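Participant: Kindly generate the corresponding structure for this input.
(4 chains)
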4 protein chains.
Amino acid sequence: MIKVGIVGGTGYTGVELLRILARHPGAELKVITSRGEAGTAVADMFPSLRGAVGLKFSDPKDAPLGECDVVFFATPNGIAMQQAGGLLASGVRVIDLAADFRIKDIALWEKWYGMTHASPELVAEAVYGLPEVNREAIRKARLVANPGCYPTATQLGFLPLVEAGCVDLGHLIADAKSGVSGAGRKAEIGILFSEASDNFKAYGVPGHRHLPEIRQGLAQFSGKPAEQIGLTFVPHLTPMIRGIHSTLYARITREEDFQTLFEKRFANEPFVDVLPPKSHPDTRSVRAANTCRVALHRPQGGDTLVVLSVIDNLVKGAAGQAVQNMNLMFGLDECSGLSQVPVLP
Amino acid sequence: MIKVGIVGGTGYTGVELLRILARHPGAELKVITSRGEAGTAVADMFPSLRGAVGLKFSDPKDAPLGECDVVFFATPNGIAMQQAGGLLASGVRVIDLAADFRIKDIALWEKWYGMTHASPELVAEAVYGLPEVNREAIRKARLVANPGCYPTATQLGFLPLVEAGCVDLGHLIADAKSGVSGAGRKAEIGILFSEASDNFKAYGVPGHRHLPEIRQGLAQFSGKPAEQIGLTFVPHLTPMIRGIHSTLYARITREEDFQTLFEKRFANEPFVDVLPPKSHPDTRSVRAANTCRVALHRPQGGDTLVVLSVIDNLVKGAAGQAVQNMNLMFGLDECSGLSQVPVLP
Amino acid sequence: MIKVGIVGGTGYTGVELLRILARHPGAELKVITSRGEAGTAVADMFPSLRGAVGLKFSDPKDAPLGECDVVFFATPNGIAMQQAGGLLASGVRVIDLAADFRIKDIALWEKWYGMTHASPELVAEAVYGLPEVNREAIRKARLVANPGCYPTATQLGFLPLVEAGCVDLGHLIADAKSGVSGAGRKAEIGILFSEASDNFKAYGVPGHRHLPEIRQGLAQFSGKPAEQIGLTFVPHLTPMIRGIHSTLYARITREEDFQTLFEKRFANEPFVDVLPPKSHPDTRSVRAANTCRVALHRPQGGDTLVVLSVIDNLVKGAAGQAVQNMNLMFGLDECSGLSQVPVLP
Amino acid sequence: MIKVGIVGGTGYTGVELLRILARHPGAELKVITSRGEAGTAVADMFPSLRGAVGLKFSDPKDAPLGECDVVFFATPNGIAMQQAGGLLASGVRVIDLAADFRIKDIALWEKWYGMTHASPELVAEAVYGLPEVNREAIRKARLVANPGCYPTATQLGFLPLVEAGCVDLGHLIADAKSGVSGAGRKAEIGILFSEASDNFKAYGVPGHRHLPEIRQGLAQFSGKPAEQIGLTFVPHLTPMIRGIHSTLYARITREEDFQTLFEKRFANEPFVDVLPPKSHPDTRSVRAANTCRVALHRPQGGDTLVVLSVIDNLVKGAAGQAVQNMNLMFGLDECSGLSQVPVLP
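Facilitator: The predicted structure is shown next:
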């Protein structure tokens, strides 16, 4: 059994990790830390876990994280970069669900995240944890940067087209919609029920931190420098708890059988489901499961392709993908602990 | 492996049975019928089941239900009573998720359900599938009447008090709130999103079909005739998909240590969780899981007890409890296939 | 034109006052204060008011509240009691939407609200602003204590029965459900969208501050001391923005034509609508309007009456009722500015 | 007072017309028809209208529509085209909220709507009721084709850019999101609460009926033939009752001060509000009001403009715009009856 630690387990990605790991046949939760809740039983904070998780939160200072095989950081940005080095030195592998190790260009990261990076030397080593692209590197990684939720849905939707080089990379558009849990479990006015319910809005249109992450990924897929990737990324807040729906627009530069292109690219991917042509995946079709479903359209036979890509932002967009990465890193079945059937309705 | 058939799999209890059974280690889905959808792949109708359920809907006329070990009826009221007899005669066991076999008093059933009962002789044989009360009878049953959703939450909440005989049985009150999926997957105006969202209302106050079912159960618990059970039952429609919250009021007639009474009564029940005193269970703490959570209050130390009882109406209130009954009937671990951790948030 | 000031206009009752007063034919908004937002245009904070409200928030220190005819306090508890005296001395009338002046028993207030009352001498003078009961006193009042949301729905529902003395006052039950805006516009985890959506729970069952307020009202209606009013009050949080649904239970002690009793009692009330027998009012039928709709049931002809009472917590339960009180205090048509038709769907 | 008739008042646009007209100072509701509900009091069907609307539904056969000054059709597509001619001949003016008269190209209309047009001769006469473009023609019109909801939000958002000719008309993208009320008050599975809540999806990507309507409008604005307008239109279903958010993408072909362009174009428009640069309008900021709010972005200073345009689909997207058109047709103040302040929260 893999011994697992979680740093910062009081947010939504933390509780989702707990939900998944509590039933994982090959992993055992050993430690979970929280500065604010040390000593509290996890199940007192999240009664949904009564009977499933017996742990208490530990104070980060005393927590025996060094005895774990792997530690997940479900913390705000800027924490993992301070602690990962020490853990790695102790032989513990690290999966960061925050953004600390996602962007290879340190200056770019510092600009978007507004802080100085504490471990730039680890950034180069870190593997971006998108198994559909970096599976082999993840298997060997000590440090995995788990992708963001928007980047997961968006990169998987664009992946076959960008790899094939058959669309205009200078004018890609990602119109993305997220459930409110994507904003985290923070006491903020804007995500109160009475503010976010029965309401819809865009946000961060001038610039969202997931933009450079997505662009870096698309550049990798294309083999071109990031400067050549023109991406307009508009995120929206949607009155639902979970789910991301990324609607992607790309202009065709070379004709292909696009449906086949998608089906072939993802034929062996256990967690990407290409729907039949002209399908409309809904976010609930992946609710609480680690699946990305993708559908392809070419409206009126024009020169613009529309890709619809849905994930559960807390599963394939966070905790589920993190467990998928753990499975790869430790040689387990990639699907281990991730066989939950989506909850519908 | 138990061979399982489902009659009427296009409603919410049907798709929930599929979600649970698709991952059940001891059962195998063999047949699912639907008059309207014969020939359609189940996963085409419910894309959440892509990759998890490979079956197609069969026409009820041709479906080899007789080859199953057990058949679930996830049909409207009035169907199972016509088909159960034949299946039982073929040696197939039957679990009816509708109301056909729940009420022992045929005349009472016919009054509330507005039809003539087609198999009154089977009603006497049928076991009311509330394992916390009838576990041993269920183990031996050929025919189980799976309880309604409101009755499950309400009976479990009242159970310790009524068995102990320490409250006024003539003036019980159950103020119950249900998510909209409790109304089924039917094309009706009143349960449209635009009608039921951001809205709250009572319904069926003059009389709801679950009233006689609950009263029959309470009478059984108390050992008294149903006429002596005075119950005011007020159901409400709540703008959420899943969940029932039953708020129960009972007047104390004899002092007890009520918290201990509850804890002892449910000490060995795998699916009833008695919370610490003064807790407030929320419905999401059981979302997508087979658990009933119960909390007890005695406001201001007065003579009125308040019990808060929550379930997921589609799981412990329908499909999950049906699988729990199946497990009992076939000698499996009662919890088999029912270890899902609630989905929160 | 009545010159109006608002203290604390950044919460939901504040913005609702603005919505109503912006179109009031007899009142003119002169001042609105906010410590945190001084200098900000109201419409920058609430874009829904662009084009309707041109004011900026003033710093409370400088705000010319003394030049107003009436000042509304849309503040947290404990503010109005410090400032009302000075305003009254300047000849300004005061309507407090918080709880400072609602409870006549100072010791009781201090116990439930956990602070020392700053102006106990004003409590005696203050008129409880429930026009259906205290209309004449409100007309003459300098200081009005605007009722709470639960108390408004609950008291109006019980009013005819308690006045008539035909139910058991020792065992009244109010099972009340509120939309999330009732919890205010505060950055708290429990009322985040991802916590409160698709979820239902009771809260405050051991004791909620509206309990003594309701009990005081019922005592007044009955002409009996508050100690003789036995009330079990259970509030619940419902996943909707606006609306309160109070389900009331009372045991009959004397037969009456209850429907007629209700219809007569409210025959001349412009903002209480008694529905036909066996109706089920929904909260959206009063959304954004100053109406309370009430329906009466006697299930199965038993001895328990069920009253269903709905209001919009921000209108009849707060800002609308406050404007109704202002209209009365200044001799305007009681309905002035309050003719909004409920928004449905 | 203008005498008003409504044909088909049981849908959402019908009840919204009633809400607005019930308080309109210059119009009087005389007749409302419904085949299915003849004889029913309107307020029995929509209790929100109790006390505001005293009418009963009339049978269409007997309804004295000929005595009205104006008749609104709040019917499914295909009804108004059969009845408008007769009413016009009687001197009654007609405003059709459905699509019968929106598309000038009869063959195109017949293709998208799947029926033969019953009054092609009236199509030429009909004025497309977008006051911001066709105000003068509307003043003189006998027959107004009230725009669709998506077309209103989308056309207003694109209008300044397309008129100015400064973007690539061959590659416009409209990613539009609608609340569920946009699908109407019909008993259909897909818009049940349990299907549409906590869920998000695109629909109609291969082709939606609003596409030719929008394209026709954009062609008019540009002065070019519709074939030269390349528009990719992707509508999405959002779990909220009301509201449309159209996110528009256009590639710049000529530099302009785009913010100023928008502000000037709408400077005198009472119902279009251009927000300051980099704003993010939310749909609730126009809830229940006749306003369109628009904001402009140019992310990262690139060559792609993003316009965010929000309306309430039932008001500016249907009933409110219809009343605005009525006001113009009858020489009333254009804003008469339309001064409702948006309901927030």
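
Participant: who's in contact with the helix or strand encompassing A:Lys3?
Facilitator: Assessed by DSSP states H and E, A:Lys3 sits inside strand A:2-7. With C-beta atoms under 8 Å, 6 or more residues apart in numbering or on different chains as the contact definition, strand A:2-7 has outside contacts at A:14, A:17-18, A:21, A:26-33, A:60, A:63, A:65, A:67-75, A:79-80, A:83, A:92, A:326, A:330, A:332. Where C-beta positions appear, they are placed from N, C-alpha and C, glycine not excepted.

Participant: and chain A, which residues reach chain B?
Facilitator: Residues of chain A found near chain B (C-beta under 8 Å from any C-beta of the partner chain) are A:12, A:15, A:19, A:22-23, A:46-52, A:181, A:185, A:197-198, A:241-242, A:273, A:275, A:279, A:281-282, A:284-289, A:291, A:293, A:339-345.

Participant: Just the strands from chain A, written as ranges.
Facilitator: A:2-7, A:27-33, A:70-73, A:93-96, A:127-128, A:143-145, A:172-178, A:201-202, A:231-237, A:244-251, A:272-274, A:292-297, A:304-311 (DSSP state E).

Participant: Mind putting the ones you listed into TSV with mean pLDDT and mean neighbour count?
Facilitator: Shown next, in TSV, are these (pLDDT from 0 to 100; neighbours: other C-beta atoms under 10 Å in any protein chain shown):
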stretch	mean pLDDT	mean neighbour count
strand A:2-7	98	24
strand A:27-33	97	22
strand A:70-73	98	27
strand A:93-96	98	26
strand A:127-128	98	22
strand A:143-145	98	26
strand A:172-178	98	26
strand A:201-202	98	23
strand A:231-237	98	25
strand A:244-251	98	25
strand A:272-274	98	21
strand A:292-297	98	26
strand A:304-311	98	26
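
Participant: which residues does A:Leu308 form a beta bridge with?
Facilitator: A:Thr247, A:Ala295 (DSSP bridges).

Participant: quick one, domains of chain A?
Facilitator: Chain A breaks down by automatic domain parsing into domains covering A:2-125, A:150-313.

Participant: For these, state which one has the densest average packing.
Facilitator: Compared across the domains of chain A, domain A:150-313 shows the largest average neighbour count, a mean of 22 (mean count of other C-beta atoms under 10 Å in any protein chain shown).

Participant: closest to D:Asn313 out of the strands of chain A?
Facilitator: Of all the strands of chain A, the one in closest proximity to D:Asn313, counting by C-beta to C-beta, is strand A:201-202 (15.3 Å).

Participant: Just confirm yes or no for that closest one near chain D.
Facilitator: Yes. Residues of strand A:201-202 contacting chain D under C-beta under 8 Å from any C-beta: A:201-202.

Participant: I'd like the strands of chain A laid out as CSV, including distance to A:Glu263.
Facilitator: Formatted as CSV, those follow (distance: least, C-beta to C-beta, whole Å):
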stretch, distance to A:Glu263
strand A:2-7, 34
strand A:27-33, 32
strand A:70-73, 33
strand A:93-96, 30
strand A:127-128, 24
strand A:143-145, 28
strand A:172-178, 21
strand A:201-202, 32
strand A:231-237, 25
strand A:244-251, 17
strand A:272-274, 5
strand A:292-297, 9
strand A:304-311, 13
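
Participant: I'd like to know which of these lies nearest to C:Glu263.
Facilitator: strand A:201-202 (45.0 Å).

Participant: got the contact list for the closest one?
Facilitator: A:234-237, D:245, D:247, D:280-283, D:308, D:310.

Participant: The stretch 201-345 of chain A: helices as residue ranges?
Facilitator: For the stretch 201-345 of chain A, the helices defined by DSSP state H, counting those that start in this stretch cover A:210-222, A:258-265, A:320-329.

Participant: now the angle between strand A:304-311 and the shortest one, please.
Facilitator: The reference is to helix A:258-265. For helix A:258-265 against strand A:304-311, the angle by axes from the mean of the first three to the mean of the last three C-alpha atoms, to 10 degrees is 40 degrees.

Participant: Helix A:258-265 - contacts with which helices or strands?
Facilitator: helix A:149-164, strand A:272-274, strand A:292-297 (3 or more C-beta pairs under 8 Å, 6 or more residues apart in numbering or on different chains; DSSP states H and E).

Participant: Output the contacting helices and strands for the second one.
Facilitator: Taking 3+ C-beta pairs under 8 Å, 6+ apart as the contact definition, the neighbouring helices and strands of strand A:272-274 are helix A:258-265, strand A:292-297.

Participant: Quick check: residues of chain A near chain C?
Facilitator: So far as C-beta under 8 Å from any C-beta goes, chain A lies against chain C at A:12, A:179-181, A:183, A:185-189, A:191-198, A:239-241.

Participant: Give me the subset of those residues that lies in helices.
Facilitator: A:12, A:193-196 (DSSP state H).

Participant: mind checking which of the domains of chain A is nearest B:Val127?
Facilitator: domain A:2-125 (26.8 Å).

Participant: Can you give me the end-to-end span of the closest one?
Facilitator: For domain A:2-125, the first and last residues are 23 Å from each other (C-alpha to C-alpha, to the nearest Å).

Participant: does A:His117 really touch A:Ala107, like I thought?
Facilitator: No. Taking contacts as C-beta atoms under 8 Å, A:His117 lies outside contact range of A:Ala107: 9.2 Å.

Participant: Now do the same contact list for A:Gly51.
Facilitator: Per C-beta under 8 Å, 6+ apart, neighbours of A:Gly51: A:43, B:273, B:291.

Participant: need the contact list for the last one.
Facilitator: If I follow you right, that is B:Thr291. A:51, B:271-273, B:311-312, B:316, B:342.

Participant: repeat for the first one
Facilitator: Contact analysis of A:Ala43 by C-beta under 8 Å, 6+ apart lists A:49-54.

Participant: For it, give me the pLDDT.
Facilitator: Listed pLDDT for A:Ala43 reads 97.

Participant: And A:Lys61, how far from A:Val53?
Facilitator: 22 Å (C-beta to C-beta, to the nearest Å).

Participant: What distance do you get for the nearest residue to A:Cys68 once chain neighbours are set aside to chain B?
Facilitator: In space, A:Cys68 comes closest to A:Gly5 once its chain neighbours are excluded; the distance is 3.8 Å by C-beta to C-beta, 6 or more residues apart in numbering or on different chains. According to C-beta to the nearest C-beta, to the nearest Å, A:Gly5 stands 19 Å off from chain B.
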